[in-house]
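Enquirer: sequence and predicted structure below; questions after.
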Amino acid sequence: MKTTEYDVVVVGGGGAGLAAAIEAATIGRRVVLLEKNPQLGGSTARSIGSVTATCTPHQVRKGIKDSPEAHFEDMAKFAGPLVSRDNLALRRLLTECMPDTLAWLMSLGLEFAGPSPEPPHRLPRMHNVLPNSRAFPYYLGRRCRKLGVDIRLNTHVEDLVNEGGRICGVRARTPENGEEIFRARGGVVLATGDYSASREMKAQYAAPRVVDADPVNPTSTGDGIRIGLAHGAVLVNADIVHGPRLRFVPPRRRKLIQLLPPNRLLARVMRWSFDYLPPVLLRPFILSFLTTALGPEPALFRQGAILINKDGGLVPVDLKHPGAEVPKQRDREAYILFDDVVAQRFTAWPNFISTAPGVAYAYLQDYRRTRKDIFHTARTLDGLAKKLGIPAGALERTVAEHNARLGSDGGTVSPVKAAPFYALGPVKGHVVITEGGLRVNERLEVLKADGTPIKGLYAAGSTGQGGLLLEGHGHHLGWAFTSGRIAGRNAACAVTDIQG
């Protein structure tokens with residue numbers, strides 16, 4: 001079996017893994033990055049692309065006086081009833097490091113628009129990458145190559161090499177040589193993402209409703225978590241899963257903004273536009289991208305909207321988990337159906353279809369303009385059914401039965417009866433991300449059940465989330481880059497420790 005020695009081995013080529021490789025290589029270490037996919041990016045490249053931080057140049061330009069301490073306090077508001085399960089040490093590490101993390105990303109060539117508000121943050125802190133999230137693997141990958149990082153794509157890590165209780169490498173399957181050993185004189189960094197695409201792990205750790213739900217990233221199969229557990233690591237908050245959440249299906253054709261190259265001049269022009277163009281001109285441009293990645297608010301169903309499957313049948317809705325039943329439907333899809341009474345409500349604050357980073361909220365008219373492929377309307381239910389490909393009469397029967405039940409229940413939700421009628425979709429029930437990660441300390445060393453580090457093993461991003469709760473836009477990406485940098489730096493410094 002071929003064996004190659006490096007100072008640091010990084011497993012995973014998403015935001016966390018790339019950040020780890022850059023940090024380790026920056027201080028002169030010989031680094032290999034192993035990615036199982038044919039390209040870099042991971043979940044980072046599939047994200048909306050927001051990074052939440054304080055004390056940034058963007059805040060300073062707008063006269064916003066903010067602090068990491070205020071950010072730390074506001075994150076607790078996102079956690080809600082789960083706040084007692086948060087890892088406060090890692091939350092403080094994240095919020096205190098984020099100003100430097102954003103500055104570091106910008107030093108690599110990345111441009112950001114913002115900051116944008118996102119309650120319950122008390123101040124605007126959300127910064128959106130330009131022109132799209134593919135800029136992250138482009139600029140971080142470019143920096144890796146300039147530093148001499150050995151990037152191996154299509155390389156699947158199957159296990160760790162453990163010698164005398166110390167992790168000193170990995171065993172991987174490569175396209176060139178089959179099984180290979182990549183040894184690490186310093187440390188191994190696991191940065192393979194979450195387990196949202198692993199049906200087995202979802203069945204083991206999460207609620208039954210998420211098992212069949214599609215992941216946002218189909219390659220997030222929990223590889224790093226699995227192999228870490230096999231060597232004494234501990235999984236924290238494994239039962240906390242964001243999903244199934246309803247998400248509109250993407251357009252069949254990719255939109256212009258998604259195809260824009262990560263060119264710095266273009267990104268600067270876009271940033272200038274965000275800063276100086278009137279919102280009335282900018283809003284349609286932003287939403288043309290964001291509505292490809294958004295989902296509906298549960299408030300739609302509280303106000304009277306219903307879910308319909310492709311056969312015209314009613315899909316039960318649990319307001320806490322509106323997407324729970326969608327994976328059980330034909331093609332794992334459904335439509336949101338409502339009448340003109342509900343439609344008129346969702347054209348202005350406080351009734352919005354979706355939260356939209358960069359513009360705050362998206363209303364019905366935004367979807368009419370920017371997502372014509374999922375916006376459907378007709379004067380009659382049969383006319384709407386025809387547009388959706390639902391059998392004639394099925395939709396009318398379902399709505400009639402639904403309205404009759406509302407009348408007998410004496411509820412306050414209005415019936416679906418005022419023409420014209422509307423449908424948004426298809427929608428799918430997605431697992432956006434799983435919060436469970438290996439327990440780590442503030443050096444991002446992976447810990448055993450007794451709290452002692454597993455020598456030579458580090459974890460970053462979702463793999464090394466360590467009990468940190470990351471609800472709200474921009475926190476998962478912020479943790480990916482911040483934890484990746486720390487893990488890479490400490491794995492690199494461990495080379496000196498071994499020699500000493």
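Expert: Done, it's in.
Enquirer: pLDDT at I64, what is it?
Expert: We have a pLDDT of 97 for I64.
Enquirer: actually G243, not the one I typed
Expert: According to the prediction, G243 has pLDDT 86.
Enquirer: just give me the neighbour total for it.
Expert: 26 (other Cβ atoms under 10 Å). Heads up, the C-betas are built off the backbone N, CA and C, glycines and all.
Enquirer: ok, it - contacts?
Expert: When contacts are counted by Cβ atoms under 8 Å, 6 or more residues apart in numbering, G243 touches 196, 210, 213, 321, 323, 429-433.
Enquirer: between those, which is nearest L468?
Expert: If you rank the contacts of G243 by distance to L468 using Cβ to Cβ, I433 comes first, at 12.6 Å.
Enquirer: enumerate every residue touching the closest one.
Expert: Counting by Cβ under 8 Å, 6+ apart, I433 has contacts 43, 194, 196, 216, 220, 241-243, 462, 476.
Enquirer: distance to Y335 and secondary structure added to the residues you listed, as CSV?
Expert: Listed next are the contacts of I433 as CSV, based on distance: Cβ to Cβ, whole Å; DSSP: H, G, I helix; E, B strand; the rest coil:
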residue, distance to Y335, secondary structure
S43, 27, helix
D194, 29, coil
S196, 24, coil
V216, 20, coil
S220, 27, coil
V241, 24, strand
H242, 23, strand
G243, 19, coil
S462, 31, helix
H476, 29, helix
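Enquirer: counting neighbours, which of those comes out on top?
Expert: In terms of neighbours by other Cβ under 10 Å, those top out with S462 at 32 neighbours.
Enquirer: now that residue, nearest residue through space, not along the chain?
Expert: Counting by Cβ to Cβ, 6 or more residues apart in numbering, the nearest residue to S462 once its immediate chain neighbours are dropped is D194, at 3.9 Å.
Enquirer: quick one: low-confidence parts of this structure?
Expert: Where the chain drops to pLDDT under 70, the residues are 253-261, 279-293, 356-360, 407-412, 497-500.
Enquirer: ok, now how distant is V149 from R171?
Expert: Relative to R171, V149 is positioned 20 Å away (criterion: Cβ to Cβ, to the nearest Å).
Enquirer: and these two? Which one has more around it.
Expert: Neighbour totals were compared for V149 and R171, and V149 leads with 23 against 16 (other Cβ under 10 Å).
Enquirer: quick check on the more buried one: phi, psi?
Expert: Main-chain torsions, V149, degrees, to the nearest 10: phi -70, psi 130.
Enquirer: contacting residues for it?
Expert: Residues 21-22, 25, 31-33 are the ones in contact with V149 under the rule Cβ under 8 Å, 6+ apart.
Enquirer: between these, which has the most around it?
Expert: Of all the contacts of V149, the most densely surrounded is A21 (33 neighbours; neighbours counted as other Cβ under 10 Å).
Enquirer: I'd guessed that residue sits against G141; true?
Expert: No - no contact is recorded between A21 and G141 when judged using Cβ atoms under 8 Å, the distance being 9.3 Å.
Enquirer: pull the contacting residues for M75.
Expert: Taking Cβ under 8 Å, 6+ apart as the contact definition, M75 lies against 86, 91, 95, 469, 472, 475.
Enquirer: again but with R29, I slipped
Expert: Counting by Cβ under 8 Å, 6+ apart, R29 makes contact with 6-8, 186, 492, 495.
Enquirer: look at A20 and give its secondary structure.
Expert: Reducing the assignment to helix, strand or coil with DSSP: H, G, I helix; E, B strand; the rest coil, the entry for A20 is helix.
Enquirer: and the nearest residue to it once chain neighbours are set aside, how many residues sit next to it?
Expert: With sequence-adjacent residues excluded and distances taken as Cβ to Cβ, 6+ apart, A20 is closest to G488, at 3.2 Å. Taking other Cβ under 10 Å as the neighbour definition, G488 ends up with a count of 33.
Enquirer: ok, now Q329?
Expert: The number of residues packed around Q329, counting by other Cβ under 10 Å, is 19.
Enquirer: nearest residue to it other than its sequence neighbours?
Expert: Sequence neighbours aside, N309 is the residue nearest to Q329 in space, at 4.2 Å (criterion: Cβ to Cβ, 6+ apart).
Enquirer: quick one: the helices in the stretch 1-150 of the chain, in order.
Expert: For the stretch 1-150 of the chain, helices defined by DSSP state H, counting those that start in this stretch occupy the ranges 15-26, 57-61, 68-79, 88-107, 135-146.
Enquirer: revised request: answer the last question for the stretch 351-500 of the chain.
Expert: Along the stretch 351-500 of the chain, counting by DSSP H, counting those that start in this stretch, helices occupy 364-370, 381-388, 394-409, 475-499.
Enquirer: most packed of those helices?
Expert: Here the criterion is mean neighbour count by mean count of other Cβ atoms under 10 Å, and of the helices of the stretch 351-500 of the chain the winner is helix 475-499, at a mean of 25.
Enquirer: counting by contacts, list what that helix packs against.
Expert: Under the contact criterion of 3 or more Cβ pairs under 8 Å, 6 or more residues apart in numbering; DSSP states H and E, helix 475-499 touches strand 2-11, helix 15-26, strand 50-52, helix 88-107, strand 178-190, strand 453-459.
Enquirer: after the fifth one comes which helix or strand?
Expert: Which is strand 178-190. Reading on from strand 178-190 to the C-terminus, the next helix or strand found by DSSP states H and E is helix 199-205.
Enquirer: how far out from the middle of the chain is that following helix?
Expert: Using Cα atoms, centre = their mean, to the nearest Å, the mean C-alpha position of helix 199-205 is found 19 Å from that of the whole chain.
Enquirer: who's in contact with stretch 415-425?
Expert: By Cβ under 8 Å, 6+ apart, the list of residues contacting stretch 415-425 from outside reads 248-249, 296, 304, 306, 308, 333-343, 353, 364, 367, 374-381, 384, 387-388, 399, 402-403, 406-407.
Enquirer: same question for stretch 153-169.
Expert: Residues outside stretch 153-169 that contact it (Cβ under 8 Å, 6+ apart) are 9, 11, 13, 34-40, 170-175, 179, 181-185, 187-188, 192, 223-224, 227-228, 230-231, 454-457.
Enquirer: how about stretch 467-475?
Expert: Contacts for stretch 467-475 (Cβ under 8 Å, 6+ apart): 48, 50-53, 75, 78-80, 82-83, 85-87, 90-91, 94, 118, 121, 125-127, 236-237, 240, 242, 357, 435, 437, 439, 476, 479.
Enquirer: looking at the contacts of V149, which one is closest to P99?
Expert: Of all the contacts of V149, the one with the least separation from P99 (Cβ to Cβ) is I22, at 18.2 Å.
Enquirer: pretty sure that closest one sits against C144.
Expert: Yes - taking Cβ under 8 Å as the definition, I22 is a contact partner of C144 at 5.9 Å.
Enquirer: about what we covered before: just the buried residues of the contacts of stretch 153-169.
Expert: Neighbour-count burial within those applies to 9, 11, 13, 34-37, 40, 170-172, 174, 182-185, 187-188, 192, 223-224, 227-228, 231, 454-457; the criterion is 16 or more other Cβ atoms under 10 Å.
Enquirer: hmm, back to that, distance to D450 added to the helices of the stretch 1-150 of the chain, as JSON lines?
Expert: Listed next are these as JSON lines, based on distance: least, Cβ to Cβ, whole Å:
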{"stretch": "helix 15-26", "distance to D450": "26"}
{"stretch": "helix 57-61", "distance to D450": "42"}
{"stretch": "helix 68-79", "distance to D450": "27"}
{"stretch": "helix 88-107", "distance to D450": "18"}
{"stretch": "helix 135-146", "distance to D450": "35"}
